[in-house]
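S.K.: Need a 3D model of the following:
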Amino acid sequence: MTTSVDELDAVVEAAHAAFAKARTADPFTRASWLEAVAAALDADANALVALGEQETHLAEARLRGELKRSTFQLRLFADEIRRGEHFDATIDHEDPEWGMGPRPDLRRYNVPLGVVGVFGASNFPFAFSVMGGDSASALAAGCAVVHKAHDGHRQLALRTAEVAVAALDAAGAPSGLFALVTGRSAAEALVDHPLTKAIGFTGSTAGGRALFNRAAARPEPIPFFGELGGINAVFVTENAWAARRDGIVAGYAGSFTLGMGQFCTKPGLLFIPRGHTDAVRAALKNALAGFAAAPLLSERLHEGYAGAVGGLRGTQGVEVLVEGDFAEAPSPTVLHTSASAVRKDPSILHQEMFGPASLIVEYGDESELPALAGLLEGQLTTTLQAEADDDVSDLAARLTDISGRVLWNGWPTGVTVSYAQHHGGPYPATSSNTTSVGTAAIRRFLRPVAFQSFPADRLPEPVQDANPWRVPQRIDGEWQRPEAAPATAGGGQ
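M.R.: Now for the predicted structure:
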């Protein structure tokens, strides 16, 4: 059933009311809500995974791994908000002798934005969907969430939302704190609604840009945190190629075909030294010999994949190195071009092929690599395959400028959920400078507020001198970190 615009309005109104009740909940209580959702999802894993298998063509092992990632993430975020670092609580006491004149008492901390609209991804029905990273981080920040289900796995989305809502209700969260809606009209109305204060999105560049423009065109523009895509270029130095050619080709083949090439971090470009075309073709065929083809996630994605590969292979200067196909379960395609061709037409480097296909670019001299990297658009990841004594400082600096994550002698598929993770990058990889994976994702849905000369009994808990929530505080320029949070606070540990 599709959500009407009137129904969407009621859902957002209820979410705003729930946010108003929940916004002052202590971090221990909020953490318990996240953990309740994680436990409920784990308890319903068999039914959820079975629905995922029916709707997505993904194997049971992949779906169970994704669900485990999602519940791990919820528990990690619960642990993170108990620590209180996300508040960035800062206290400047009144100081009549302050260097630029008398300073009033100032206290600043981060508060949640309000209702967040989240758009789920097709390729990760758990990890980037109903209770994936955007929903989990927004709830952790203290926001309410209205999730727009992806049509590619609607029944799974509905079941996941039912489990999450029931868990939040049982844990004592305000009714309406999380809700799910369906359909394009509801999606557009969610972006437009005056009570929606931010959008989280994972999907195509075209779809994301349309929503980004819509969010910016509102009478009150709102932040749009979109992960829009990426090519994820890999650069191989001459020494690395000479020392590890077959291993590099094998790693590349495994990475760009992982999950049928339907990962946003799939390596879509591989830069290698010139003059080894026949050897590369043979090594690729050997590396792909055991490839097990599977249907893509949806017919729509399959059509887009065939169009992208067909369009790029028809571009002047691009040839087929390994011939694949566009069967229901497509075999991999590897295309080939040269550095001179991409200098003439840099758009060759900007074509994402969402599926089991990639492009190899041969360069003549390693000194070309920084300039070739300069032809790239913003990337979620870039990778250096290099030896210890290679001088790649200029190239690494250029990759840092255009990437959210830079790898050394690895492969970009596989994005762990952790404290230092950054899953983002300059446009068109994403629409912001933030991350959608890892604990730092929580901060997207917060904004700072300062309180000047407030009475002590009117101050919010994170910036009180008594510090009842035991959060880290920067007091008169010096960080103070309490030993531990109180064991009995708000149902916490």
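S.K.: can we go C-alpha only for contacts and neighbour counts from here?
M.R.: Fine.
S.K.: Export only the CA atoms of the helix or strand V145 falls within, formatted as PDB.
M.R.: V145 belongs to strand 144-148 when assigned by DSSP states H and E. Taking C-alpha atoms only, strand 144-148 is exported to PDB below (Å, rounded to 0.1, in the frame of the first residue of the first chain):
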ATOM      1  CA  ALA A 144      12.900  11.200  15.100                       C
ATOM      2  CA  VAL A 145      13.000   9.300  11.800                       C
ATOM      3  CA  VAL A 146      10.600   8.900   8.900                       C
ATOM      4  CA  HIS A 147      12.000   6.300   6.500                       C
ATOM      5  CA  LYS A 148      10.900   6.100   2.900                       C
END
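S.K.: Please renumber the chain so that the first residue is 500 from this point on.
M.R.: Got it, the first residue is 500 from now on, which makes the last one we talked about strand 643-647.
S.K.: could you give the mean pLDDT of it?
M.R.: The pLDDT scores in strand 643-647 average 98.
S.K.: following the longest helix along the chain, which helix or strand comes up?
M.R.: As assigned by DSSP state H, the longest helix anywhere in the chain is helix 559-582. Moving toward the C-terminus from helix 559-582, the next helix or strand (DSSP H and E) is strand 588-591.
S.K.: If you count contacts, what does that next one end up packed against?
M.R.: Here strand 588-591 touches strand 605-611, strand 972-974, going by 3 or more C-alpha pairs under 8 Å, 6 or more residues apart in numbering; DSSP states H and E.
S.K.: Can you check what angle separates the strand holding V644 from strand 605-611?
M.R.: Relative orientation of strand 643-647 versus strand 605-611 (axes from the mean of the first three to the mean of the last three C-alpha atoms, to 10 degrees): 30 degrees.
S.K.: So what touches the longest helix of the chain?
M.R.: 526-527, 529-531, 533-534, 536-538, 540-541, 544, 548-549, 551-552, 623, 625-626, 630-632, 635-636, 639-640, 916, 938, 970-971, 984, 991 (C-alpha atoms under 8 Å, 6 or more residues apart in numbering).
S.K.: Where does pLDDT dip in the stretch 650-799 of the chain?
M.R.: By pLDDT under 70, the stretch 650-799 of the chain contains no weakly predicted segment.
S.K.: For the residue lying closest to P971 once chain neighbours are set aside, give me its contacts.
M.R.: Sequence neighbours aside, R980 is the residue nearest to P971 in space, at 4.4 Å (criterion: C-alpha to C-alpha, 6 or more residues apart in numbering). By C-alpha under 8 Å, 6+ apart, the residues touching R980 are 969-972.
S.K.: same check, this time on T502
M.R.: Applying C-alpha under 8 Å, 6+ apart to T502 gives the contacts 680-682, 684-685.
S.K.: does the residue nearest the centre of the chain count as helix, strand or coil?
M.R.: In the chain, the C-alpha nearest the mean C-alpha coordinate belongs to S935, at 3.3 Å (C-alpha atoms, centre = their mean). Using DSSP: H, G, I helix; E, B strand; the rest coil, the structure places S935 in coil.
S.K.: now R744
M.R.: Strictly by three-state DSSP, R744 counts as helix.
S.K.: how close does it sit to I771?
M.R.: 10 Å (C-alpha to C-alpha, to the nearest Å).
S.K.: who has more neighbours, these two?
M.R.: I771 (28 against 18; other C-alpha atoms under 10 Å).
S.K.: I'd assumed E661 was in contact with V629.
M.R.: No - assessed by C-alpha atoms under 8 Å, V629 is found out of contact with E661, at 10.3 Å.
S.K.: Using neighbour counts, pick out the buried residues of stretch 695-714.
M.R.: Neighbour counts over stretch 695-714 (16 or more other C-alpha atoms under 10 Å) mark 695-704, 707-708, 710-711, 713-714 as buried.
S.K.: Check stretch 575-595 too.
M.R.: 575-583, 585-592.
S.K.: what do you get for stretch 892-909?
M.R.: 894-895, 897-899, 901-905, 908.
S.K.: swap in stretch 802-819?
M.R.: Result for stretch 802-819 [16+ other C-alpha under 10 Å]: buried residues 804-805, 807-808, 811-812, 816-819.
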